[in-house]
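A.B. asks: just need the structure, nothing else, for what follows:
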Amino acid sequence: YLSTTVVGKPPMEDGWLGKATERIFLPLVQFNLPEIVDYNLPISGCFHNFAFVSIKKRYPGHAFKVINALWGLGQLMFEKHIIVFDEWVNVQDINEVLWIWGNNVDPSRDVIIQKGVIDVLDHSTNLPGFGGKMGIDATTKWKEEGYTRDWPEVARMDEEVKKKVLPVWYEILQKMKGER
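C.D. replies: Predicted coordinates:
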């Protein structure tokens with residue numbers, strides 16, 4: 001018998017192997033890059049298309065240092081898009097990732113494009129195994145990084161207000177669903 005996994009549009013069986021590998025290798029990645037808090041290689045990104053990484057940012061440009069270091073670290077060299085977040089961002093929560101990514105990134109300032117090794121199964125590149133990569137700094141920007149305004153705090157709703165308002169919102173949503 002030949003042992004294989006079927007690779008295709010996610011989720012496939014290799015997805016569970018990949019998530020286990022992600023968790024097993026996190027301490028080894030942190031050994032090399034102790035500033036990393038967590039990372040998420042989403043199943044829907046086939047593990048080599050996206051890496052969402054949270055770090056303990058300590059100096060200007062720290063996110064770009066992490067991006068380049070990850071591209072030089074074992075199988076992480078295949079990552080096509082690496083997006084780095086502050087340590088408080090839950091990179092396992094895709095809604096939080098997209099919200100922070102969309103609100104913290106100015107593409108003219110926070111994106112680097114490189115060329116390098118790409119997974120050979122990636123059909124988007126002109127050549128097999130070689131193509132473009134994108135690194136994105138989605139961290140809070142500092143004055144030392146050229147950010148000239150005051151960075152806003154995350155607006156959070158008071159817990160008491162949430163308790164009063166959420167049931168009303170759910171009731172309205174239920175009524176809207178019933179009208180369809």
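A.B. asks: ignoring the adjacent residues along the chain, who's closest to residue 117?
C.D. replies: With Cβ to Cβ, 6 or more residues apart in numbering as the criterion, residue 117 has its nearest non-adjacent residue at 5.0 Å, and that residue is residue 77. All C-beta atoms are positioned from the backbone trio N, CA, C, and that covers glycine.
A.B. asks: hmm, the one you found is touching residue 119, no?
C.D. replies: No. The criterion here is Cβ atoms under 8 Å, and residue 77 misses it with residue 119 at 9.7 Å.
A.B. asks: pick out the residue nearest the middle of the chain.
C.D. replies: Nearest to the geometric centre of the chain sits residue 52, at 1.9 Å (Cα atoms, centre = their mean).
A.B. asks: who touches that one in this structure?
C.D. replies: For residue 52, the contacting residues are 39, 40, 42, 83, 85, 91, 97, by Cβ atoms under 8 Å, 6 or more residues apart in numbering.
A.B. asks: which SS state does the first one fall under?
C.D. replies: Which is residue 39. On the three-state scheme (DSSP: H, G, I helix; E, B strand; the rest coil), residue 39 is labelled strand.
A.B. asks: what's the answer for the fourth one, then?
C.D. replies: Using three-state DSSP, the secondary structure recorded for residue 83 is strand.
A.B. asks: residues near the residue nearest to it when sequence neighbours are not counted, how many?
C.D. replies: What sits nearest to residue 83 in space, not counting adjacent residues and going by Cβ to Cβ, 6+ apart, is residue 136, at 4.5 Å. Counted with other Cβ atoms under 10 Å, residues neighbouring residue 136 total 21.
A.B. asks: contacting residues around the helix or strand hosting residue 136?
C.D. replies: Assigned by DSSP states H and E, residue 136 belongs to strand 130-137. Strand 130-137 has contacts (Cβ under 8 Å, 6+ apart) with 63-64, 67-68, 71, 79-84, 101, 105, 110-118, 122, 124-125.
A.B. asks: any of those buried? List them.
C.D. replies: 63-64, 67, 71, 79-84, 101, 105, 110, 118, 122 (16 or more other Cβ atoms under 10 Å).
A.B. asks: closest one of the residues you listed to residue 141?
C.D. replies: Ranked by distance to residue 141 (Cβ to Cβ), these are led by residue 110 at 8.0 Å.
A.B. asks: so how far is residue 99 from that closest one?
C.D. replies: As for residue 110, its distance to residue 99 is 16 Å (criterion: Cβ to Cβ, to the nearest Å).
A.B. asks: for residue 77, same thing?
C.D. replies: The value you get for residue 77 to residue 99, if Cβ to Cβ is used, is 29 Å.
A.B. asks: swap in residue 173?
C.D. replies: Distance check for residue 173 against residue 99: by Cβ to Cβ, it reads 20 Å.
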